[in-house]
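Trainee: can't give you the sequence, but here's the structure:
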């Protein structure tokens, strides 16, 4: 399984990389713009990500903008709903507006809040059919 983490906080990236490393190959981006670049490159190389974790608040391009850009790229490639990469939005904020925007406008698959509950993340991954390698 290929996993992409996008978070501008080094400690958060490191924690997620360590936890998700048991599930597969993990790449890390420091901004939404870099995450979109990684996603596009993976698609061009026919080596797509299975799941992407996007922080909501990041420099250059926030997570909601990155989510929209990724979904637009998938649409331009003819990827049909249900076959898109799974996207999990992550934030320290508990903002109902961000949750609604991520789900209904952006099309994310899950939403998690910081500090992370890794047991819940493991359950969410299992729900989407992902297991430890």
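Mentor: Alright, I've got the coordinates. Note that the structure is a prediction, hence the values are computed from the model and not measured. Residues are numbered from 1 along each chain as shown.

Trainee: hmm, what's the outermost residue in this structure?
Mentor: Ranking residues of the chain by C-alpha distance from their mean position (Cα atoms, centre = their mean) puts residue 78 at the top, at 20.1 Å.

Trainee: tell me the SS of residue 132?
Mentor: Secondary structure state of residue 132, per DSSP: H, G, I helix; E, B strand; the rest coil, is coil.

Trainee: Based on its surroundings, how many neighbours for it?
Mentor: Taking other Cβ atoms under 10 Å as the criterion, the count of residues near residue 132 is 12. From N, CA and C alone the C-beta is placed, and that goes for glycine too.

Trainee: Just the pLDDT for the closest residue to it other than its chain neighbours.
Mentor: The shortest distance from residue 132 to any residue that is not its chain neighbour, by Cβ to Cβ, 6 or more residues apart in numbering, is 4.6 Å, and that residue is residue 22. Reading off the confidence values, residue 22 has pLDDT 96.

Trainee: wait, residue 22 sits on residue 133?
Mentor: Yes: counting by Cβ atoms under 8 Å, residue 22 sits close enough to residue 133 to count as a contact (6.8 Å).

Trainee: which residue ranges form the helices in the protein?
Mentor: Defined through DSSP state H, the helices belonging to the chain, from first to last, are 10-20, 32-44, 63-76, 96-100, 118-127.

Trainee: So which of those is nearest residue 55?
Mentor: Evaluated with Cβ to Cβ, the helices of the chain place helix 63-76 nearest to residue 55, the distance being 5.2 Å.

Trainee: The closest one packs against which elements?
Mentor: Counting contacts by 3 or more Cβ pairs under 8 Å, 6 or more residues apart in numbering; DSSP states H and E, the secondary-structure elements packed against helix 63-76 are helix 32-44, strand 51-55, strand 86-91.

Trainee: Work out the sheet partners of the second one and label each with its direction, please.
Mentor: Read it as strand 51-55. Within its sheet, and counting by DSSP bridges, strand 51-55 is paired with strand 2-6 (parallel), strand 86-91 (parallel).

Trainee: want to throw the helices and strands packed on helix 63-76 into a markdown table with mean neighbour count?
Mentor: Shown next, in a markdown table, are these (neighbours: other Cβ atoms under 10 Å):
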| stretch | mean neighbour count |
| --- | --- |
| helix 32-44 | 19 |
| strand 51-55 | 26 |
| strand 86-91 | 22 |
